[in-house]
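Asks: Dropping the sequence and predicted coords here.
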Amino acid sequence: MTAFNPRHLARQVPATTWQAYLSSRSIAIPESFDWNAEEKAFSDALIALLEELEPDQQALLHAELRHAHALATQKGIDAILNASDNDAAIREDFGKLRNHAERALWVLVNWPNTFMTAEALLQFDLGVGKRSWKRQAIKVTEPVSREAADIEGLQAALSEVLSKRKGPRRACHVDVCDRHLDGGVQISVYVEDDPNDLVEFVEEGMRRRTTRPATNLALVYFPASGIVDTVGRGGAKVHQPLVTLFARHLLKQEVKPEAVKQPMFYLNRLRHGLDLPEDSDIDLAAHGIDRIRLRRARLRSTRAPICDFWVGVPADQAEHCVLAASSAHLKDHDLFRGPFNIVEALISIYFAPAEVGKRGRVLNIDLKQSGISNLQDMAEEDAKLAERLLRAWRVSEPTEVELALVA
């Protein structure tokens, strides 16, 4: 995602939605303000208006607009729909709006509770598939309790487990919300972290302020399958008690979570090149693809002494792939033909330019043997194409868990 810039947001969102937003925040607008000005003149005037606000009011609006910017992506819009128990009404509104930036701001104005829930859902979604994510099976399909006493019990239990042995008990807060589109129930956990002496700018200059930051953990339980996904730093000592205490307090069940093997990527299959097999039905020309190459790889020795080698080539489309580079330079000691496993790989897909004289776009597929990838960060159509290619190369295969979740 691009860095937040209020000027960009001012240009992306039309005047009518800005008018609704500023009116909902009781911002005094001069009578001379021209809501019908052409786009650039309007955005310049809007930024000037925001810069003239009182510092406290300006800080509040900038904070809200940063939140709207964070949801102004396809993943953010998906999170909004997932958070809404009335997504038909929101979808109807979305069809009338220009882009994701306007949709995010519109939801902030008209559906503020949905907006807040969507932020929590998006934070979890962005962690799935990353190092802090773990998937487990608990083989329980009970409904989640929303009783205040049960939630307070979970908060107390997590506070005890996550506090240091020596020192005060850490504060803990738990929120429970439904994920309406994917059928999950999300448990967002906020735990007090170590105090932080924050140095900040204020009107008088600079000051030091002690804060009590919160670290975030989250769990999503899928009642239909008994699958639990958790996201949070700390490894097994955090993920395991998070699942067992959730089940004890909100499902009223004692469980022994079983690891669900993450779908691996069989990266060694890339050592023979990226030509599609004869039985593949993928038409590269129809997708506008000029070339595909293996641009970077990390290889790990299979015998002692264990070590890793990185092989990479320049990003330019005309350059060789790492397979050709390793073969040319290392000859009889080619890493891809020796006792090494490919543990990380970067595949670059080069598309033909949309216009003469323009550069074609590049789609990079970043893979780790353990199953971590950047597929979840891609646009939907790009992700579908990448997944089809990976299956055609037999680098990935659907798992039973994936098929169960889709079903």
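Replies: Yes, it's here.

Asks: give the contact list for residue 195.
Replies: Contact analysis of residue 195 by Cβ atoms under 8 Å, 6 or more residues apart in numbering lists 210, 211, 212. Where C-beta positions appear, they are placed from N, C-alpha and C, glycine not excepted.

Asks: What of residue 305?
Replies: With Cβ under 8 Å, 6+ apart, residue 305 has no contacts at all.

Asks: Let me have the contacts of residue 195 in CSV, extended by distance to residue 86, neighbour count and secondary structure.
Replies: Shown next, in CSV, are the contacts of residue 195 (distance: Cβ to Cβ, whole Å; neighbours: other Cβ atoms under 10 Å; DSSP: H, G, I helix; E, B strand; the rest coil):
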residue, distance to residue 86, neighbour count, secondary structure
210, 42, 8, strand
211, 37, 11, strand
212, 36, 11, coil
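
Asks: wait, which of the residues you listed is closest to residue 71?
Replies: residue 211 (25.0 Å; Cβ to Cβ).

Asks: can you count the residues close to residue 93?
Replies: By the criterion of other Cβ atoms under 10 Å, residue 93 has 13 neighbours.

Asks: did I read that right, it in a strand?
Replies: No: under DSSP: H, G, I helix; E, B strand; the rest coil, residue 93 falls outside any strand and is assigned helix.

Asks: Residue 17 versus that one, what's the distance?
Replies: 11 Å (Cβ to Cβ, to the nearest Å).

Asks: Please enumerate the shared neighbours of the two.
Replies: Common contact partners of residue 93 and residue 17 (Cβ under 8 Å, 6+ apart): residue 106.

Asks: How is this protein divided into domains?
Replies: As assigned by automatic domain parsing, the chain contains the domains 6-125, 133-259, 267-406.

Asks: quick one, phi psi at residue 59?
Replies: The phi and psi values for residue 59, taken as degrees, to the nearest 10, are phi -60, psi -40.

Asks: Nearest residue to the middle of this protein?
Replies: Using Cα atoms, centre = their mean, the residue of the chain that lies closest to the mean C-alpha position is residue 126, 1.9 Å off.

Asks: how about the nearest residue to that residue once chain neighbours are set aside, phi and psi?
Replies: Distance criterion Cβ to Cβ, 6 or more residues apart in numbering; nearest residue to residue 126, sequence neighbours excluded, is residue 75 at 7.1 Å. Main-chain torsions, residue 75, degrees, to the nearest 10: phi -60, psi -40.

Asks: mind listing what the closest residue to residue 143 other than its chain neighbours touches?
Replies: Excluding the flanking residues, the one nearest residue 143 by Cβ to Cβ, 6+ apart is residue 223, at 6.7 Å. Shown in contact with residue 223 (Cβ under 8 Å, 6+ apart): 141, 142, 143, 144, 183, 185.

Asks: isn't residue 270 right next to residue 295, touching?
Replies: No: judged on Cβ atoms under 8 Å, residue 270 makes no contact with residue 295 at a distance of 11.3 Å.
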